[in-house]
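>>> All I have is the shape, not the residue letters:
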């Protein structure tokens, strides 16, 4: 039986792609319709890749919250690596190696881009969950994924009442 992903009530088919939930009083797209009171699974099928960091802000807005968390972890790691490279050039220049001026300017530009990418991801996360994690560890992401899987297990089914015997 087709059911609403929000309340678990049976839905009525309007046409091939749309349904209506009378409890929620709203039209549903096919993606918001589940079977037999199941909950939607919000875990992505695969982890985003490093190349996804280069997507525009409107494209990033289409990613799920979990995917944004993975991307923020990637972006912070990339920014830290760029900073380390820049720091090497700065130290060399302080010791008199003036030939690294151009390289230092280039790494600053790359660092600025990486930092702005982190800002975008952090702010997208703030819109979704109200904050952005100060630190993103593997255990944090694994715990989050486990909680998401666990919360999808309990179906939205209400048992029929048993007859009351006198």
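Arrived safely, thanks for sending. None of the values given here were measured: they were computed from a predicted structure.
>>> If we ignore the residues flanking it in sequence, what's nearest the most centrally placed residue in the chain?
Nearest residue to the geometric centre of the chain (CA atoms, centre = their mean): residue 65, 2.1 Å. Leaving aside its sequence neighbours, residue 65 sits nearest to residue 128 (CB to CB, 6 or more residues apart in numbering; 4.8 Å). Yep, even glycine has a C-beta here, placed from its N, CA and C like the rest.
>>> quick one: pLDDT of that neighbour?
Per-residue pLDDT puts residue 128 at 94.
>>> That one in helix, strand or coil?
For residue 128, the secondary structure call by DSSP: H, G, I helix; E, B strand; the rest coil comes out as helix.
>>> can you check residue 45 too?
Once three-state DSSP is applied, residue 45 turns out coil.
>>> quick one: it from residue 129, how far?
According to CB to CB, to the nearest Å, residue 45 and residue 129 sit 21 Å apart.
>>> What ranges does the chain have for its strands?
Per DSSP state E, the chain carries strands over the ranges 2-4, 12-13, 18-21, 26-29, 33-35.
>>> Sort out which residues of the first one are buried, please.
Residues of strand 2-4 classed as buried under the neighbour-count rule (16 or more other CB atoms under 10 Å) are 3-4.
>>> Buried residues of stretch 148-158, list them for me.
When burial is assessed from 16+ other CB under 10 Å, stretch 148-158 yields the following buried residues: residue 156.
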